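1. below are the sequence and a predicted model for it; my questions follow.
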Amino acid sequence: MYQQGATGKLPAIAVSGPLGAVKEQTSGLYAQTLAERGFVTIAFDGSYTGESSGTPRNVPSPEINTEDFSAAVDFLGSLDNVNRDEIGILGVCGWGGFALNAAVSDPRIKAVAVSTMYDMTRVTANGYEIKMQANADGSYDRAPAQSADARYKMKLDMSNARWETSKNGYADLLPPNNLDPKKDFTAETPKFVKEYANFYRTERGYHPRSVNSNPDASWTVTGMLPLINMPILKYAAELKAPALVVHGEIAHSRYFGEDAYKALGSKDKELYIVPGATHTDLYDNSTNKIPFDKFEQFFKAKLK
């Protein structure tokens, strides 16, 4: 995507996320909006999901999903109207962690921004490090990470499942667990889980190709194994590119953004907290809280 009437070689941005979403949802909105503001952009589905190739389907990968951003940079750099020295990336939710990891590993990426980010390797290994019930103001208190014994049990169960799933090319899926807001919520359902369902399973954000939307979809039985054992931000301190970390003030996931920001070694970095925003408020503009002006200013300042 690019602004009509634009001429010459332009700065470019590759966008993806959230994990389990498709480009017709959040990343497409970010890419289209930034294209209207003067950038060449691409929104892409991660490998093994959406319209991207790869089998078995619905497999996450810390290595491959990091590589997906570099592949997007390859593509953007092949375009005649893109300046190869002015390519940035933007990751949303789980793809925020992969974006930061890609920027550490690929020096061609001149600037990286993340929105409402997760570190998928951390949450898979540690569980949610928050209390499940929100405070009265919508914020979340921290809680201890999952124990090593609990993590071992997860690895044991998934590893043992490999014997059976190997017979079907490792394509067996976990039971569907996408909640239907009309019938599946209970008094015990965490507020942030309801927020996910109210985006993915309603007209607001539903798309049949999305792992998080399709009521019959799920991830592969053994797909989360590498996320447990391969932390993506181990070398965050070696990041040199400018970085912008955007998160919602009352997002359950805020600690991911704050901790990643602290770990980043870039001398040019900024943490921007959106007042009153939840995690999914930054998925679309239904609440007008995505700070597109901030993203535009960041990339225009850093991609030059």
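-> In hand now; what should we look at?
2. buried stuff in the helix or strand harbouring residue 261?
-> Residue 261 belongs to helix 254-263 when assigned by DSSP states H and E. For helix 254-263, the neighbour count (16 or more other C-beta atoms under 10 Å) marks 254-257, 259-261 as buried. Just so you know, the C-beta spots here come from the backbone N, C-alpha and C atoms, and that holds for glycine as well.
3. stretch 222-237 now?
-> 222-228, 231-233, 236.
4. give me the neighbour count for the nearest residue to residue 190 once chain neighbours are set aside.
-> Nearest residue to residue 190, sequence neighbours excluded (C-beta to C-beta, 6 or more residues apart in numbering): residue 132, at 4.5 Å. As a burial measure, residue 132 scores 14 neighbours (other C-beta atoms under 10 Å).
5. which one of the buried residues of helix 254-263 sits closest to residue 164?
-> Distances from residue 164 to the buried residues of helix 254-263, taken as C-beta to C-beta, are shortest for residue 256 (33.3 Å).
6. quick check, that closest one in contact with residue 115.
-> No: counting by C-beta atoms under 8 Å, residue 115 is not a contact partner of residue 256; they are 11.5 Å apart.
7. okay, helices next: where are they in the stretch 201-304 of the chain?
-> For the stretch 201-304 of the chain, applying DSSP state H, counting those that start in this stretch gives helices covering 225-229, 254-263, 292-302.
8. ok now the helix or strand where residue 34 lies, how far from the chain's centre?
-> Remark: residue 34 resides in helix 26-35, with elements defined by DSSP H and E. Mean-position distance between helix 26-35 and its chain equals 14 Å (C-alpha atoms, centre = their mean, to the nearest Å).
9. buried residues in that helix?
-> Of all the residues in helix 26-35, those buried under the rule 16+ other C-beta under 10 Å are 26-31, 33-35.
10. then stretch 179-186?
-> Residues of stretch 179-186 classed as buried: residue 179 (neighbour count, 16+ other C-beta under 10 Å).
11. can I get it in CSV, CA atoms only?
-> Provided in CSV are the C-alpha atoms of stretch 179-186 (Å, rounded to 0.1, in the frame of the first residue of the first chain):
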residue,chain,number,x,y,z
LEU,A,179,-15.3,-18.0,23.5
ASP,A,180,-18.6,-16.9,22.1
PRO,A,181,-19.6,-13.7,23.9
LYS,A,182,-23.3,-14.6,23.5
LYS,A,183,-23.1,-17.9,25.5
ASP,A,184,-19.7,-18.7,26.9
PHE,A,185,-18.9,-16.0,29.4
THR,A,186,-19.2,-16.8,33.1
